[in-house]
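Visitor: missing the sequence, but the structure's below:
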């Protein structure tokens, strides 16, 4: 496993890796969700690369950029045994050098849901992913379903800007009580931690109602809201049932739908989602172009 | 010379071309300026590709998108004898399909000069060039110095987003009286055409003043303005002496400088420039990363 910090070293080492290359972009503080992406990339690709970079352009003013958890040595120790060829751990000035001024904006799908609370978040995500795609030239890039809107933004960007790669989305990995794994779970106090499964329970309640034949999206959203309201420490930021590609809110749940929600628990903001396909709960894989 | 219209055909044909590949992006209605880019690409690269696409996203409301001159058959006949391997002539819906919503913005260098008169122009340029770079995966892309600010925006984008290619800028090709070749020269009436050389004459007057030892940028700008004022049909939009990478206006001309101007002649808007290097008038070539 080769670990590099500079763009020049990254390009040099990457050029020697046999294709196809799978890239797993991360912000570090790795958990089983990230490792599942790496294992999937390892199974699919001849070479696997991981980036570890807490990307400042996706944090708004007053967000948790400074306190975002970091543990580089631990992360590298988690990656070593699972077959990673290349890890890039750049300092911020290597990614955004002096004079930097270019941003990628994905318009409509960046605006609702997370975008309402975090107006520059997806501009930062799209920009850093575009840079990673140009730096690593991967054949496939792996993202977790946990950050559902991020997967929509990245797929839309990859398709719109004709990036020659396949965006692969892998299932959310959960704790025993259903809490979706997230680096931000480290913020939860011991008192908050058991409450945090309420996001999963709210999604499950909506799914149960759907299975009983309830297709009215307003009613299904209120099922989620009521479950959240049962936990007074948890405060709902939004509940949504939207089209999984456009993120337009649905009136009726018939075919595909993305059930998602955001909740504040003390100082911590948590998100979760279920992707409903026409006849199953699962995640999707969309193949786009492939490299020349 | 293979001519394709769809993205799928483009990717298929491109995959068979030996590298390095040189790309010459154009809006068609080709003139000797474009052909000089193709010849340079032919000399530098194993394969040469040309795109012909009047890009709607770089035209503002009320600009000349509809009347922009088009002559595809003539263009193809000009390209055939000079060694082009692949030409892409997509319809607009192939480049911007339904649901399209991603844009690349290069912030500071897009704002002055042309950006003041054309606020969305460089967003459209940066976006379509990003797409072309991902579609063609060229090792080098060729642009004319005539559109000086465009070269600055494209270089900044390529560097900021880490596109693995070399941006090559080639000298402006001029008519006998100094008028810079441009597809928009076709708009000039027979009465306006002889006046149009005033842009070149204004740049030349500033250069002469500089050679006589005048380094005050305000005085040099006023030399350009006075030359333009000698032609009552020509109306100055701006004259500028700026840093060639940041486009900040200079107070004193000492090292590198970009002398540029925009003029209205009836319904036609013309631009021209000289790039002053430390010890010569010429154009520059900046090498960035190269493909893995």
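Guide: Done, it's in. Note that the coordinates shown come from a computational prediction; the quantities given were computed from them, not determined experimentally.
Visitor: now the residue in the stretch 1-150 of chain A that chain B sits nearest to, nearest residue through space, not along the chain?
Guide: Closest to chain B within the stretch 1-150 of chain A is residue A:102: 3.5 Å, counting by CB to the nearest CB. For every residue, glycine as well, the C-beta is placed using N, CA and C. The shortest distance from residue A:102 to any non-neighbouring residue, by CB to CB, 6 or more residues apart in numbering or on different chains, is to residue B:160 (3.5 Å).
Visitor: likewise residue A:104?
Guide: Here the residue nearest residue A:104, using CB to CB, 6+ apart, is residue A:126, at 4.2 Å.
Visitor: quick check: that neighbour vs residue A:97, distance?
Guide: 19 Å (CB to CB, to the nearest Å).
Visitor: which one's more surrounded, those two?
Guide: Summary of the neighbour comparison: residue A:126 and residue A:97, criterion other CB atoms under 10 Å in any protein chain shown, with residue A:126 having more neighbours (28 against 11).
Visitor: isn't the more buried one up against residue A:158?
Guide: No. Contact criterion CB atoms under 8 Å: residue A:126 and residue A:158 do not qualify, at 9.6 Å.
Visitor: phi first, then psi, for the closest residue to chain B within the stretch 151-292 of chain A.
Guide: Of all residues in the stretch 151-292 of chain A, residue A:160 sits closest to chain B, at 3.5 Å by CB to the nearest CB. Note on residue A:160: its backbone torsions stand at phi -60, psi -40 [degrees, to the nearest 10].
Visitor: remind me, longest helix of chain A?
Guide: helix A:121-136 (DSSP state H).
Visitor: if we can go back for a sec, contact partners for the residue of the stretch 151-292 of chain A closest to chain B?
Guide: A:106, B:100, B:101, B:102, B:131 (CB atoms under 8 Å, 6 or more residues apart in numbering or on different chains).
Visitor: excluding its backbone neighbours, what's nearest residue A:233?
Guide: residue A:195 (5.3 Å).
Visitor: what pLDDT, on average, does the helix or strand harbouring residue A:169 get?
Guide: Applying DSSP states H and E as the criterion places residue A:169 in strand A:166-170. Averaged over strand A:166-170, pLDDT sits at 97.
Visitor: and if you look at stretch A:146-162?
Guide: Rounded mean pLDDT across stretch A:146-162 is 98.
Visitor: how about the residues of chain A by chain B?
Guide: A:7, A:11, A:14-15, A:99-109, A:126-127, A:130-131, A:134-135, A:137, A:156-157, A:160-164, A:246, A:289-292 (CB under 8 Å from any CB of the partner chain).
Visitor: quickly note the distance from the residue most central in space within chain A to residue B:86.
Guide: Ranked by distance to the mean C-alpha position of chain A (CA atoms, centre = their mean), the top residue is residue A:147 at 3.2 Å. Residue A:147 sits 38 Å away from residue B:86, going by CB to CB.
Visitor: same question for residue A:237.
Guide: Applying CB to CB to residue A:237 and residue B:86 gives a distance of 50 Å.
Visitor: now residue A:247
Guide: Distance of residue A:247 to residue B:86, computed by CB to CB: 37 Å.
Visitor: same question for residue A:77.
Guide: For residue A:77 relative to residue B:86 (CB to CB), the value is 48 Å.
Visitor: ditto for residue A:142
Guide: On the measure of CB to CB, residue A:142 and residue B:86 end up 32 Å apart.
Visitor: same question for residue A:83.
Guide: Applying CB to CB to residue A:83 and residue B:86 gives a distance of 38 Å.
Visitor: for the nearest residue to residue A:244 once chain neighbours are set aside, grab the count of nearby residues.
Guide: The shortest distance from residue A:244 to any non-neighbouring residue, by CB to CB, 6+ apart, is to residue A:258 (4.3 Å). Residue A:258 has 23 neighbours, counted by other CB under 10 Å.
Visitor: residues touching residue A:258, list them.
Guide: A:148, A:240, A:241, A:242, A:243, A:244, A:247, A:273, A:274, A:275, A:276.
Visitor: tell me what the second one is bridged to.
Guide: With DSSP bridges applied, the residues forming beta bridges to residue A:240 are residue A:260.
Visitor: what's the answer for the last one, then?
Guide: Here residue A:276 sits in beta bridges with residue A:257, residue A:281, going by DSSP bridges.
Visitor: ok, residue A:230 touching residue A:198?
Guide: Yes. Counting by CB under 8 Å, residue A:230 touches residue A:198, with 7.3 Å between them.
Visitor: what about the two, which has more around it?
Guide: Set residue A:230 next to residue A:198 and count neighbours by other CB under 10 Å: residue A:198 wins out with 27 against 12.
Visitor: what is the helix or strand encompassing that one packed up against?
Guide: For residue A:198, the host element (DSSP H and E) is helix A:198-211. In this structure, helix A:198-211 makes packing contacts with helix A:217-229, strand A:234-242, strand A:257-265, strand A:268-276, judged by 3 or more CB pairs under 8 Å, 6 or more residues apart in numbering or on different chains; DSSP states H and E.
Visitor: may I see the buried residues of that helix?
Guide: A:198, A:199, A:200, A:201, A:202, A:203, A:204, A:205, A:206, A:207, A:209, A:210 (16 or more other CB atoms under 10 Å in any protein chain shown).
Visitor: quick check: pLDDT value at the fifth one.
Guide: At residue A:202 the predicted local confidence, pLDDT, stands at 98.
Visitor: show me the domain layout of chain A.
Guide: Chain A breaks down by automatic domain parsing into domains covering A:2-173, A:183-276.
Visitor: and stretch A:161-179, how far from the chain's centre?
Guide: 7 Å (CA atoms, centre = their mean, to the nearest Å).
Visitor: same question, stretch A:159-175
Guide: Worked out by CA atoms, centre = their mean, stretch A:159-175 lies 9 Å from the chain centre.
Visitor: quick one: end-to-end distance for it.
Guide: 33 Å (CA to CA, to the nearest Å).
Visitor: just checking, residue A:29 touches residue A:186?
Guide: Yes. Contact criterion CB under 8 Å: residue A:29 and residue A:186 qualify, at 7.0 Å.
Visitor: between those two, which contacts overlap?
Guide: Going by CB under 8 Å, 6+ apart, residues that sit against residue A:29 and also against residue A:186 are residue A:69.
Visitor: so where is chain A shaky, pLDDT-wise?
Guide: For chain A, the stretches with pLDDT under 70 are A:278-292.
Visitor: mind listing what's buried along the helix or strand hosting residue A:75?
Guide: Assigned by DSSP H and E, residue A:75 falls within helix A:72-79. Residues of helix A:72-79 classed as buried: A:75, A:76, A:78, A:79 (neighbour count, 16+ other CB under 10 Å).
Visitor: which residues in the stretch 1-150 of chain A form helices?
Guide: Remark: helices assigned in the stretch 1-150 of chain A by DSSP state H, counting those that start in this stretch are A:7-15, A:32-44, A:72-79, A:92-95, A:114-117, A:121-136, A:148-160.
Visitor: understood, closing this out.
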